[in-house]
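Colleague: Here is the input, now give the coordinates:
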Amino acid sequence: MKKFRKVLDGLSSSSPGGVASPSCGSAAGTPTAHAPTPQDIHVQETLVSENFQICKTVRHGFPYQPTCLAFDPVQKILAIGSRTGGIRILGRPGVDCYSQHESGAAVLQLQFLINEGALVTACADDTLHLWNLRQRRPAILHSLKFNRERITFCHLPFQSKWLYVGTERGNTHIVNIESFVLSGYVIMWNKAIELATKAHPGPVVHLSDSPKDEGKLLIGFESGTVVQWDLRAKKVDFRIYYDEAIHSVSWHHEGKQFMCSHSDGSLTMWNLRNTARPIQITYPHGKILKDGRKESCKPILKVEYKTSRNSEPYVIFSGGLSYDKSGGRRPTLTIMHGKAITVLEMDHPIVEFLVLCDTPYSNEVQDPYAVVVLLEKDFIVVDLTQSNFPIFENPYPMDIHESPVTCTAYFAECPPDIIPILYSIGAKQKKTGYSHKEWPVSGGTWTLVSGFHNMLYKLKTSKVFEKPKAGEGRAGELVEEDPYAVQMVSWCPHSRLFCVVGISSHVILYRFSKHDANTQIVSLEVRLQSDSEDVISPSETENNPCFSDPSSHSPQPPGSPGSGTQDSLPCLKVKNRPVRMPPGYQAELVVQLQWVDGEPPQQITSLDINSAYGLLAFGNCNGLTVVDFLQKTILMCMGTLDLYGAADPYQRLTRSPRKNRQSTSDFCMRGLSHFYSDSKKRIRTSYQSLTELSDNQVSMDMERSKSPTSDHVNGHCTSPTSQPCSVGKPRITGVPEGPRLTRRGPGRPPFRKAQSAACMEISLPVSSHTEESRENSFSRSRSSSVSSIDRDTKESVTTLQFGESYGRKGNALPTACLWVGTSLGVVLLLPISIPTEEEERMEEPITMGPSGTVLMLKGSVLRFAFLDCGGALIQSPYEVWRDPNGPEDPDRPRRRKLVNFSPSSSQEACSDGHLAVVCSEKQAKVILMPTQAVLFTHNITESSFLLRADVVSVCNSVCLACFCANGHIMTLSLPSLRPLMDINYLPLTDLRIARTFVFTNGGQALYLSSPTEIQRLTYSQEMTDNLQDMLGELFTPIETPEAQNKGFLKGFFGGNAQTFDREELFGEAAAGKASRSLAQHIPGPMGLENMKAAAGGVVGDLARARIALDQRGERLGELEERTALMMNSAETFSTHAHQVMLKHKDKKWYQL
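Modeller: Numbers count the residues shown, from 1 in each chain. Take a look at the predicted model:
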């Protein structure tokens, strides 16, 4: 606990104060006698560094780039491996665990130790790993690295501790699961095939023990050879040769026959009595042509042959379609049940599938009840118990990537009634036709930190607009794929207002209602575009400074001869008829930016909405627009330069019109059309235009001038000319306007040596890099002041915030204000005068206008927040939600209920004033209002820049949380801006993470870790300590089901499976030791005892205390040794000094 006092920062507080606009209703007040000074601010800060720690909590979404699948039929949990080395373990809804191999190698195969709480993974780096699932966070117990052979297939029999491993050379090795060492027993490929065979059989693609006799191992080679190896006699029982390559093998439960799938689309059935030829060859999707030839088919990659007690056997396989039919068809899963053949078409390629059965024993009737199908971008489960084979409703949130994610927003501590109502409305949107049975993956116990289990509600913004016909509209020219892509969202949970910004420069306002409605959507169009004369090239200004006629800068009104027929039109057309809207979020207002001079509107870079004021504000690189959504009018439309008024902090120079107009227009079109990456694949990702490379040098120069956090495509213009601003009067589109006020500034801001983020550049590898490599190369370097001369820059509005504040220095009372931050680090304040009575609010106009610059920071402004003089966070005012379509009560007319958090009413320590927290890409400042004195300043980073900054509540206090482009996560105390935490969380940050990282209250954050997954994390030490208790259990103690008794007759005639002791064959005593050079055993990063000690709770605390005590004892021992050495040295010195004294005791001075 520490009291902070700060004197006035004279340099920062000397920024010029603006003059209030005459049209603004809030008059300047005289300074109050009780106005606080910096010396009056006494805040007891409770946050310390020990309150913060970074820890991943849970991951949601579909596993990115899945490779394999496994299922434990007793524990009823499922595991999915991925190409990036990740493992997702799923159980009942809410049981979702993610683990990662440190090597990052792709997971090739997964094998559960059924009902043992363990999992074996085989990775592409030829390493086997044994995972312990009996703890809440799975960890590796053992690893085995193969040095001379590559792993191709693994098989672990039920209730066995010996793992069969097939390799690329055709050999089969055996691994002891308990010790994770190789056995000396090896099945060499040259012993498995006939000596007369000259060709190599190929890699091992299948291993399985016979259901009838566990001592017989079936080995399938890729070339088409199948061998049954007698483990006891160490010889071959039979060999099968087939002309086509084998992909998979599946046994009948009696162990007398098996089925193979081949590369020519055929299925062969083999009987052990006669292995000379197959007893059956079928081409399920192939026909015999007229000339007698068989139709060529695609390979059948996997087949499952399962028997049933009450019906015919099931034959389930993937692939096998004829090449003629498969050209225009999607991937299929075929279910053959008796004579019935059902083909299920999938939306994505099939990675793997598993058939779920009631019994874990392979020698019993299987009775399959479901098929788990893992697709490249989806995960479905098919119900086999119903004739129409419906799918189960997926309870996991795996459809996040249904359309590419472009932005995220994270809200904690929402009103308690909002989640149930969203769930009830969203439940009506769900599809029908699902299976009515329970979800078959039902293992584990629920976890508290899993957060959300499924999608609550879905909203499609495209329903607001007319579908563009071929050759019509301008949206097709902007983007190649989706003109409705969402760039930004703003949500008020209390008033339930929802605002969406789209890529086509449109803003949609939604209101929530429990009732359906049939209303017309109001559409407003805004002309917010700079003229070509204002696009300045610094090099031209230096070499040939010339001044143009001021009258030429006046923007042309819509429909003027010079504007062209395509100007003054929006990108999309809003439906102009009454639209029926179901319960939920219903569109009320659409605001669109118009085309001007043949150029598309610039993308919107900032947004804020306030339900209490009834105002909506958004800005881009051309200026700011404020909309009154209660009166459905445009309140203000002003260029960025005009926001300064007479208090422009820069000395700007005018210049002549730009020459290369066409190239800039081409760049605008190209930048918007390249918003999504990889035009060949048409895979959309957010803000990919930031990474597009161009051969046009002008476009390259413009590309380099973009601000890292300015979300617009064109960053090449200077400050625009002023746009019409009808303050206090509703603007009606389509009506000719009178003479416009042209307030042109003295020129553009000079380039400074201390470069802002607008002068950063993105460096990308060129040429043949893939989408993933381009996405992961998010590196930027600061440009020198010399190179910045070759760039164009344009000041854009980067952040907006409504709130109760003081419009000018010396104002006595707080009023409604709009805080504006720009890409040049300038903070502007716009006071707003709003009628207090509800009747006047709906009829009287609102007045607002700029009051000048408040302060300046380094880099683009990212975030505003307000604190009272006691350090508590001040929330923005809001309107309590009321259903706009609800039934009206004539006795009690509905009135707006506003909740206002005024600075003067939220504190006791200070009667007036509040603190404003402003954070930019480089710097953070805390200022005192209304004096605008800078209390605290902190330079957050010099070599990098911030991507995200949020003021959040943690441990009953507030702090500033920052995410830096170099991967660091930092927290600063408020209001003193004292560094509390700085951790290098992500060494390499890509654009996807940069665009989706967001903090929220309670010490939580999230980001899009892959195109299909959301990673949640905590930066709170308290939550990290309690995380172990909040996680669910993957393993639940369950008794293994007993094997069925087949009866005397079946046992007598050989129906029962024969068991044998594998230890006698594979143990060291019988088989000896394997060669040390063949494989290397690697102990897990944590032994079993250490993992249990570090698992959390009291045991973990005791282990940490014991380690600390041991370290303290070692230090004390070292200190004791050093003390003894010093004492010995002192004694030696004393002895030598005494001897010297005796030697020279009786000598005179001249005898020395």
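Colleague: Flag the shaky bits of the stretch 451-600 of the chain, pLDDT-wise.
Modeller: 451-453, 470-481, 530-567 (pLDDT under 70).
Colleague: can you count the residues close to residue 315?
Modeller: Residue 315: 22 surrounding residues under other Cβ atoms under 10 Å. Every C-beta, even on glycine, is put in place using the N, C-alpha and C of the backbone.
Colleague: Tell me which stretches of the stretch 501-650 of the chain form strands.
Modeller: 506-513, 517-519, 522-526, 579-581, 584-593, 606-610, 615-619, 623-628, 633-639 (DSSP state E, counting those that start in this stretch).
Colleague: Next, format those strands as TSV and append distance to residue 493 and mean neighbour count.
Modeller: Rendered in TSV, the data for the strands of the stretch 501-650 of the chain read as follows (distance: least, Cβ to Cβ, whole Å; neighbours: other Cβ atoms under 10 Å):
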stretch	distance to residue 493	mean neighbour count
strand 506-513	10	23
strand 517-519	21	13
strand 522-526	24	19
strand 579-581	21	16
strand 584-593	13	23
strand 606-610	12	23
strand 615-619	17	26
strand 623-628	21	26
strand 633-639	25	24
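Colleague: Distance to residue 113 added to these, as CSV?
Modeller: Formatted as CSV, the strands of the stretch 501-650 of the chain follow (distance: least, Cβ to Cβ, whole Å):
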stretch, distance to residue 113
strand 506-513, 50
strand 517-519, 57
strand 522-526, 62
strand 579-581, 53
strand 584-593, 47
strand 606-610, 52
strand 615-619, 57
strand 623-628, 62
strand 633-639, 67
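Colleague: Any idea which of the ones you listed gets closest to residue 206?
Modeller: For those, the distance to residue 206 is smallest for strand 584-593, at 51.3 Å, taking Cβ to Cβ.
Colleague: Now do that closest one: distance to the chain's middle.
Modeller: Relative to its chain's centre, strand 584-593 lies at 27 Å (Cα atoms, centre = their mean, to the nearest Å).
Colleague: quick one: secondary structure of residue 1037?
Modeller: Following DSSP: H, G, I helix; E, B strand; the rest coil, we place residue 1037 in the coil state.
Colleague: out of the strands of the stretch 501-650 of the chain, nearest to residue 937?
Modeller: strand 606-610 (23.5 Å).
Colleague: With just CA atoms, put the closest one into CSV.
Modeller: The C-alpha coordinates for strand 606-610 follow below in CSV (Å, rounded to 0.1, in the frame of the first residue of the first chain):
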residue,chain,number,x,y,z
SER,A,606,-13.1,3.7,-34.5
LEU,A,607,-16.6,3.3,-33.0
ASP,A,608,-18.4,4.1,-29.8
ILE,A,609,-22.1,4.1,-28.8
ASN,A,610,-23.8,5.5,-25.7
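Colleague: What segments of the stretch 201-350 of the chain are helices?
Modeller: 323-326 (DSSP state H, counting those that start in this stretch).
Colleague: Relative to residue 933, which of the strands of the stretch 501-650 of the chain is closest?
Modeller: strand 606-610 (25.3 Å).
Colleague: The closest one pairs with which strands, parallel or anti?
Modeller: Counting by DSSP bridges, the strands paired with strand 606-610 are strand 615-619 (antiparallel).
Colleague: Run the angle between the partner strand and strand 584-593 for me.
Modeller: Put simply, strand 615-619 runs at 50 degrees to strand 584-593, going by axes from the mean of the first three to the mean of the last three Cα atoms, to 10 degrees.
Colleague: pLDDT averaged over strand 615-619 - what is it?
Modeller: On average, the pLDDT along strand 615-619 is 96.
Colleague: got a list of contacts for that strand?
Modeller: The contact list for strand 615-619, computed with Cβ atoms under 8 Å, 6 or more residues apart in numbering, reads 499, 501, 507, 509, 589, 591, 604-610, 624-629, 635, 640, 796-798, 800, 802, 818, 820, 832, 846.
Colleague: run the last query once more with 6 Å
Modeller: Outside strand 615-619, the residues within contact range by Cβ atoms under 6 Å, 6 or more residues apart in numbering are 507, 604, 606-609, 625-627, 629, 797, 800, 818.
Colleague: Just send those back as JSON lines, with distance to residue 157 too.
Modeller: Below are the contacts of strand 615-619 laid out as JSON lines (distance: Cβ to Cβ, whole Å):
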{"residue": "507", "distance to residue 157": "62"}
{"residue": "604", "distance to residue 157": "61"}
{"residue": "606", "distance to residue 157": "62"}
{"residue": "607", "distance to residue 157": "60"}
{"residue": "608", "distance to residue 157": "63"}
{"residue": "609", "distance to residue 157": "62"}
{"residue": "625", "distance to residue 157": "69"}
{"residue": "626", "distance to residue 157": "71"}
{"residue": "627", "distance to residue 157": "69"}
{"residue": "629", "distance to residue 157": "67"}
{"residue": "797", "distance to residue 157": "66"}
{"residue": "800", "distance to residue 157": "64"}
{"residue": "818", "distance to residue 157": "70"}
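Colleague: so which two of those residues are the farthest from each other?
Modeller: It's 629 and 797 that sit farthest apart of the contacts of strand 615-619, by Cβ to Cβ, at 18.7 Å.
Colleague: When those two are compared, which one has more neighbours?
Modeller: Set residue 629 next to residue 797 and count neighbours by other Cβ under 10 Å: residue 797 wins out with 29 against 24.
Colleague: Isn't the more buried one up against residue 624?
Modeller: Yes: the criterion here is Cβ atoms under 6 Å, and residue 797 meets it with residue 624 at 5.3 Å.
Colleague: State the helix or strand in which residue 821 lies.
Modeller: strand 815-822 (DSSP states H and E).
Colleague: elements contacting that strand?
Modeller: Contacts defined by 3 or more Cβ pairs under 6 Å, 6 or more residues apart in numbering; DSSP states H and E place strand 815-822 against strand 797-805, strand 826-833.
Colleague: Kindly recompute the last result at 7 Å.
Modeller: The helices and strands touching strand 815-822, judged by 3 or more Cβ pairs under 7 Å, 6 or more residues apart in numbering; DSSP states H and E, are strand 797-805, strand 826-833, strand 861-867.
Colleague: Can you check which of the strands of the stretch 501-650 of the chain gets nearest to residue 423?
Modeller: For residue 423, the closest of the strands of the stretch 501-650 of the chain is strand 584-593, at 11.4 Å, according to Cβ to Cβ.
Colleague: So what's the residue count around residue 928?
Modeller: Residues near residue 928, counting by other Cβ under 10 Å: 26.
Colleague: Kindly report the same for the one 4 residues further on.
Modeller: With neighbours defined by other Cβ under 10 Å, the count for residue 932 comes to 23.
Colleague: Would you confirm that it contacts residue 852?
Modeller: No: between residue 932 and residue 852 there is no contact, the gap being 10.0 Å when judged by Cβ atoms under 7 Å.
Colleague: And the residue nearest to residue 817 when sequence neighbours are not counted, what's its pLDDT?
Modeller: The shortest distance from residue 817 to any non-neighbouring residue, by Cβ to Cβ, 6 or more residues apart in numbering, is to residue 805 (4.2 Å). You'll see residue 805 listed with a pLDDT of 92.
Colleague: and the gap between residue 805 and residue 383?
Modeller: 59 Å (Cβ to Cβ, to the nearest Å).
Colleague: And those two? Which one has more around it.
Modeller: residue 805 (26 against 18).
Colleague: got the contact list for that one?
Modeller: 814, 817, 866, 929 (Cβ atoms under 7 Å, 6 or more residues apart in numbering).
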